[in-house]
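Just the structure for this:
(2 chains)
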Amino acid sequence: MFRYYLKLGVLSIRANPALSALMVAAIAIGIGACMTMATVRHVMSDNPVAHKNDVLFHVQVDSWNPDDPYDEPNEPPEQLTYIDAKALHTANRAFRQIISIKTGRVIQPEGEDVRPFQQEARATTADFFQMFDVPFRYGSGWDKSADDAEEFVVVLSTSLNEKLFGGVDSVGEMLTINTQAYRVVGVLGDWHPVPKFYDLNNNPYEGPEEMFIPFTVAISGEFGNNGNTNCWKPVPDGGYDAFLNSECVWVQMWVELRDASEKATYLQFLDSYVEEQKTLGRFARPMNNRLSTPQEWLVNREVVDDMVDVLLSLAVLFLLVCLLNTIGLLLAKVMRRTNDISLRRALGASKSELFKQYIVEAGMIGVAGGVAGIGMTWLGLRGIENVFSEYDFIAYLVRMDWSMIMLAVLLAIVSALAAALYPTWRACSVSPATTLRIQ
Amino acid sequence: MEIGPIWRAMLKNKAGFVLIALQIAVTMTIMVNAIGIMQERANNIGRPSGMDEANTFALSSTLFIEYEDDQRKALIDEDLTAIRAVPGVRNVVATNSFPLRQGGWSMGLQLEPGNQSTDSVGTAIYFVDEHGAETFDAKIIDGQNFAPNQVAWDNPEDNTWPAIGIITEALAEEMFPDETGSVVGKTVYINDNDPVNIIGIVDQLQAPWEGWTGVERSMLVPERRISSFQRYVIRTEPGYRDELMPQIEEMLAARNKDRLIRGLTTMEDVRKLAYLGDSAMIKILTFVVGLLTIITGLGIVGLASFNVSRRTRQIGIRRALGATKPAIVRYFMLENLIVSTIGLVIGGVLAVALNIAMVEAFALEPLSWYVIPAAMVGLWIVGQAAVAGPARRASNISPAIATRSS
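Got it, this is the predicted structure:
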């Protein structure tokens, strides 16, 4: 019977090619609009370290102005002062811990024909790579002794290694950065966390830095901070040393704590650190230490642009319009076929058989709409990529994955069935005798 | 005249008309809100930065060899002199940022000294010399520009701020809302305790952050930074920009090999990048509204065609009983007008409700009232245009149909 209904459905769809096309197109466009925005939102709100979400924590302590919270209602600053970052890192109380900043350096490649170029770099500490499961193609990160000894070592990304060393294993090679020779200790594998969870300041979608150097090297070399610096108190006179000892926040800190008891112990440690600082006249605000998982941190920093949500809600309404359109057209179709329906009823078709017949027909339109909808989503994402083409990170935000494709098909079928329900019910309630009587 | 019978006929087939009315209502809801957002974005994009954007470009110089302070100062002075000597250059300034650049320096200004950050007014800071005002095309409308001897090199060991400043008119109004006379000569405090005497007011110079509510607030500070990173903003005589850009880049790169010349960009490109989100939003929403109108229009065409073919016999009978062709057309047009009106009234209410919800959730600006009647008129026209084809076909149904049995 099912095959017969399929055949009937095809016949009915072919009887009204323009209207059937309109229904399929309406569903496809509605799905396309929704799925385009849903995909962008899905990527934007992704958690690249979901597999370690319960062991990684972003560290905040409230060193801000006694009279005024950093952010309403009572948010501690998102970054640490150098004093606190240094002290907490040196205390070494977590399983793993890193402090880091974004900076910029000039690379001077060998040879006269290659011009020096500017490169964004991350200055961080040894645990960074293991803590965030960063893959390596060659070599590895540096160890703690390199941090302590302020060794001039550098880790490169795959693409920077490609540019500087032609992609070969460059571990052990020397590289001149701002006239200083650095030894390459590692080359990263393919690593592009979106959003850049470990530093959401500035642009969360720009992708990781291509070069990593020890934090201690950056401090002793007085490298500039390319990220945000926020101060609530004037920086006293005295140059870079005064800045390091100021109440300005500019350093990010993450810790890895393997279970709840380690977390509890670490929170206690933070409390005792702040208590100690209070006796020194700092931390005048109430105790407000935070350990946030990557997921909590992404939500707290609101990485998803409001405009994506605005567009997504408009897209959902758009799908609603497309569905109302389809319901109307299906209903009109049913109304015109009352003759057929009452004839079939009179010849003995039960209501449930009719229901099956019309649902099969609607389902076919839904599947066609869903498949076309995937195409529309792809087009929609290309459109988004196109209007934002000046953003070099846009390509990472418009990627479809299987979960989104499945969702598109599911949404299409559910939509088509939802659209078919009322017209089908109307078809089933046609009484067997009406039309025959008129005839 | 015919509304009564049309209305009663519609009640016989409620579902179909309710659906089309709802579709029009939701279409209206989306359209009105989309237009509201587009208007807001278009207004943003239209704001001038205060600069002579068509004739201004910027580039930066990054030293990667360690220089003593005196060497750095000499390099900056020589760069500026060399640039100023190029024919076609109107003026140049070494500064930390410029309007629309997205990154910059902000400080709080207050009327009394002391730590009272809650009462301070935020402003963008541009470190400039006496050439800053002309290069930025900021016209001094009150007071005066910095004199060359008032501009000092910054001292990295000393964080005190210069004692004079030039502010924008918008900042002056924000700081001294009740002042009717001149603000020149008044003192404000920066960095909690450092006094700044306002010596001049400029007409307009935006802050670097176009999305900031205080975007019109900025202050020129007479200080030159000795850092290894310098940003040069160059204003040319009209028409010289494109020719001078590669020329000056080349000249600076050749003058000194210990630094990188980067970030060569016109103000027009800076503006494009700054408002990319806004212009992209306008493009996306225009497309969405267009597509939506087409789908709704086609839906109306489809439904009307169905109705016409379903009522072929009735139309034939009406024609046979003496109804003229225009009367048949009028019937379908009026029917559509009634459905549209119901849909548009519901849509108007829904649109306002959605707007209130979105203003609440996403800090959008509330709608301008006239968008609603404008969208109504637009969708009325769409509905009438969509129904015109099927209505004309209906009017061509021959009266003889009535005599045939279906």
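
What's the first helix or strand after the longest helix seen in chain B?
When chain B is parsed with DSSP state H, its longest helix is helix B:325-362. With elements assigned by DSSP states H and E, the helix or strand that comes after helix B:325-362 is helix B:371-395.

Close to chain B: what parts of the stretch 201-350 of chain A are there?
A:224, A:232-240, A:242, A:305-307, A:309-311, A:313-315, A:317-318, A:320-322, A:324-325, A:327-329, A:331-333, A:335-336 (Cβ under 8 Å from any Cβ of the partner chain). Placement of C-beta: from N, CA and C, glycine included.

of those, buried ones?
A:232, A:234-235, A:305, A:307, A:310-311, A:313-315, A:317-318, A:320-322, A:324-325, A:327-329, A:331-333, A:335 (16 or more other Cβ atoms under 10 Å in any protein chain shown).

Show me which residues of the stretch 151-300 of chain B are close to chain A?
So far as Cβ under 8 Å from any Cβ goes, the stretch 151-300 of chain B lies against chain A at B:156-160, B:191-193, B:227, B:229, B:260, B:262, B:272-273, B:276-277, B:279-281, B:283-285, B:287-288, B:291-292, B:295-296, B:298-299.

In helices, which of the buried ones among the residues of the stretch 201-350 of chain A next to chain B appear?
Residues of these located in helices (DSSP H): A:307, A:310-311, A:313-315, A:317-318, A:320-322, A:324-325, A:327-329, A:331-333, A:335.

Let me see the ranges of the helices in the stretch 301-439 of chain A.
Here the stretch 301-439 of chain A has its helices, by DSSP state H, counting those that start in this stretch, at A:306-336, A:338-346, A:351-387, A:402-428, A:434-438.

and if you look at the stretch 1-150 of chain B?
Using DSSP H, counting those that start in this stretch, helices in the stretch 1-150 of chain B cover B:3-12, B:14-46, B:69-85, B:132-135.

among those, which is nearest A:His51?
Closest to A:His51 of these is helix B:14-46 (Cβ to Cβ; 37.8 Å).

right, is the closest one up against chain A?
Yes: shown here: helix B:14-46 in contact with chain A (Cβ under 8 Å from any Cβ) through B:15-16, B:19-20, B:22-23, B:26-27, B:29-30, B:33-34, B:37.

which of the residues you listed tops the neighbour count?
When neighbours are taken as other Cβ atoms under 10 Å in any protein chain shown, the top entry among the residues of helix B:14-46 next to chain A is B:Thr27 (29 neighbours).

Secondary structure element holding the nearest residue to that residue once chain neighbours are set aside?
Excluding its sequence neighbours, the residue lying closest to B:Thr27 (Cβ to Cβ, 6 or more residues apart in numbering or on different chains) is B:Thr296, at 4.6 Å. Here B:Thr296 sits within helix B:276-310, counting by DSSP H and E.

Give me the below-cutoff pLDDT ranges for the stretch 201-350 of chain B.
Nowhere does the stretch 201-350 of chain B drop to pLDDT under 70.

typed the wrong thing, it's the stretch 51-200 of chain B
B:116-118.

Can you report how many residues neighbour the nearest residue to A:Glu78 once chain neighbours are set aside?
The shortest distance from A:Glu78 to any non-neighbouring residue, by Cβ to Cβ, 6+ apart, is to A:Gln60 (6.6 Å). Other residues within reach of A:Gln60, judged by other Cβ under 10 Å, total 24.

Looks like B:Ala124 contacts B:Leu220 (just checking).
No: using Cβ atoms under 8 Å, B:Ala124 is not in contact with B:Leu220, being 9.9 Å away.

neighbour-wise, which of those two wins?
Between B:Ala124 and B:Leu220, counted using other Cβ under 10 Å, the more crowded position is B:Leu220 (30 against 27).

Spit out the contact partners of the residue lying closest to B:Gly50 once chain neighbours are set aside.
Nearest residue to B:Gly50, sequence neighbours excluded (Cβ to Cβ, 6+ apart): B:Gln204, at 3.6 Å. Going by Cβ atoms under 8 Å, 6 or more residues apart in numbering or on different chains, B:Gln204 touches B:Pro48, B:Gly50, B:Ala138, B:Thr168, B:Glu169, B:Ala170, B:Glu216.

Of those, select the buried ones using a PyMOL command.
If you want just the buried ones from the contacts of B:Gln204 in PyMOL, going by 16+ other Cβ under 10 Å, the selection is:
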select buried, chain B and resi 50+138+168+169+170+216
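
So which of the contacts of B:Gln204 are in strands?
Among the contacts of B:Gln204, the residues falling in strands (DSSP state E) are B:Thr168.

Would you convert the contacts of B:Gln204 into JSON lines that also reports distance to A:Trp250?
Output for the contacts of B:Gln204, formatted as JSON lines (distance: Cβ to Cβ, whole Å):
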{"residue": "B:Pro48", "distance to A:Trp250": "34"}
{"residue": "B:Gly50", "distance to A:Trp250": "30"}
{"residue": "B:Ala138", "distance to A:Trp250": "31"}
{"residue": "B:Thr168", "distance to A:Trp250": "29"}
{"residue": "B:Glu169", "distance to A:Trp250": "34"}
{"residue": "B:Ala170", "distance to A:Trp250": "30"}
{"residue": "B:Glu216", "distance to A:Trp250": "28"}
